[in-house]
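Asker: what follows is a predicted structure for the sequence shown.
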Amino acid sequence: MASTETKTVTDTGSVEAGLDALETSATGRTPFRQTFTSKILPPVVATVVVLVAWQALITFKVVDDPTKLPSPAEVGDEFKRAWLEGRLLDYIWTSVSRGLLGFLFSLAIGTPLGLLVARVKFVRAAIGPVLSGLQSLPSVAWVPPAVLWLGLNNSMMYAVILLGAVPSIANGLVSGIDQVPPLYLRAGRTMGATGVKGALHIVLPASLPGYLAGLKQGWAFSWRSLMAAEIIASSPDLGIGLGALLENGRNASSMPMIFEAILLILFVGIAIDLLIFSPLERRVLRSRGLLVKS
């Protein structure tokens, strides 16, 4: 009997030791070599491949008209000129500040709207289809009426961002709430978490994966809406953002400037995703045991 108990204790200790070792290996610091090969090297290689293919089109005269496709060196010279003149960071900041502020406004409106649509059947039946229709409406369609309503100013820009991003954020939250197990809601009501308290402590935390997907899509709509507004409604009073830079390149028939604007727009979109949304997504998935920390 004693030997059986001793064996059970030994087996339990072995299991615990194995779990501790597994947890230790999962939470240890990742070697720089592994980080470099898995996260840094692939995008660097992809960028080099694109640049080589781009230059090959010029070198082998597949595209021999510089007005249609500038060389990487010409685009690099355009970046250098904008940097030396102190305009490069101004282009980026003008658009990024508008985009982030407009996205925060959209977040403040879309979140309670999504909660209302998801939790109140009458509201869902009344405006749920409208939100889905607005989400599919191209954001560029809002620029002309926004200009007529508000004029050529920053308020017009924010209005276009709101109309493009709010439906995506609200629909993302609705989708996330629809996927919350009913058991969570019943358990919350049993513990007294009803109304606003239930929404804050039960519904929102449980719907985070779907809500985060809606936020990412909402940012994408915010950024696209802003670029459309800056391209169409350019004015000296609004400053020169990335969309206006793209339009200026078209007016000047300058392909290097057009490529400069396109690359900057792409860079900002990637940077926002890597710096804000990807860490949030990893944290949410890891907290639910859906992502192993390596």
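Answerer: Received, thanks.
Asker: so what's the backbone phi/psi at the spatially most central residue of the chain?
Answerer: Geometric centre of the chain, nearest residue: K216, 3.7 Å, by C-alpha atoms, centre = their mean. Dihedral pair for K216: phi -60, psi -40, per degrees, to the nearest 10.
Asker: next: S71.
Answerer: Note on S71: its backbone torsions stand at phi -80, psi 160 [degrees, to the nearest 10].
Asker: and if you look at L134?
Answerer: phi -60, psi -30.
Asker: what residues are up against it?
Answerer: Going by C-beta atoms under 8 Å, 6 or more residues apart in numbering, L134 touches L163, V166, P167. Every residue, glycine included, has its C-beta placed from N, CA and C.
Asker: local confidence estimate at the second one?
Answerer: The score at V166 is 92. That number is its pLDDT.
Asker: separation between it and L115?
Answerer: In this view, V166 and L115 are 13 Å apart by C-beta to C-beta, to the nearest Å.
Asker: okay, the two: which has more neighbours?
Answerer: Between V166 and L115, counting by other C-beta atoms under 10 Å, V166 is the more crowded of the two (25 against 21).
Asker: I'd guessed that one sits against G110; true?
Answerer: Yes: in terms of C-beta atoms under 8 Å, V166 counts as a neighbour of G110; the distance is 4.4 Å.
Asker: and for these two, which residues touch both?
Answerer: Here V166 and G110 share the contacting residues G218, scored by C-beta under 8 Å, 6+ apart.
Asker: for the stretch 51-200 of the chain, which segments count as helices?
Answerer: Ranges of helices within the stretch 51-200 of the chain are 72-84, 88-119, 121-136, 143-150, 154-178, 182-190, 195-198, based on DSSP state H, counting those that start in this stretch.
Asker: relative to N248, which of the ones you listed is closest?
Answerer: When the helices of the stretch 51-200 of the chain are compared by C-beta to C-beta, helix 88-119 sits nearest N248, at 10.1 Å.
Asker: how close does the closest residue to V143 other than its chain neighbours get to A252?
Answerer: The shortest distance from V143 to any non-neighbouring residue, by C-beta to C-beta, 6 or more residues apart in numbering, is to I232 (4.7 Å). Taking C-beta to C-beta as the criterion, I232 is separated from A252 by 17 Å.
Asker: have a look at the two and say which one is more surrounded.
Answerer: Remark: of I232 and A252, I232 carries more neighbours, 16 against 11, as counted by other C-beta under 10 Å.
Asker: OK, contacts around G176?
Answerer: With contacts defined as C-beta under 8 Å, 6+ apart, the neighbours of G176 are S207, L208, P209, G210, Y211, L212, A213, G214.
Asker: so which of these is the closest to I58?
Answerer: Nearest to I58 among the contacts of G176: A213, at 39.9 Å, using C-beta to C-beta.
Asker: that closest one and G172 touch, don't they?
Answerer: Yes: at 5.4 Å, A213 counts as touching G172 under the criterion of C-beta under 8 Å.
Asker: where does this protein dip in pLDDT?
Answerer: Within the chain, the ranges that satisfy pLDDT under 70 run 1-30, 32, 36, 185, 192-201, 289-294.
Asker: make it 50
Answerer: Applying pLDDT under 50 to the chain flags residues 1-2, 4-13, 15-27, 294.
Asker: A213 and G172: which has the busier surroundings?
Answerer: G172 (25 against 18).
Asker: ok, that one to L88 distance?
Answerer: Counting by C-beta to C-beta, the separation of G172 from L88 is 34 Å.
Asker: just to revisit the earlier point, now the residue nearest to the centre of the chain. Nearest residue, chain neighbours left out?
Answerer: F277 (5.0 Å).
Asker: and the one you found, how far from R288?
Answerer: 17 Å.
Asker: higher neighbour count, these two?
Answerer: Shown here are F277 and R288; by other C-beta under 10 Å, F277 has more neighbours (16 against 11).
Asker: so W142 makes contact with L162?
Answerer: No: checked against C-beta under 8 Å, the pair W142 and L162 is beyond contact range at 9.1 Å.
Asker: mind checking how far E247 is from G114?
Answerer: Separation of E247 from G114 (C-beta to C-beta): 34 Å.
Asker: again with T35
Answerer: 36 Å.
Asker: do the same with A220
Answerer: For A220, the distance to G114 - C-beta to C-beta - is 17 Å.
Asker: cool, S234 as well?
Answerer: 33 Å.
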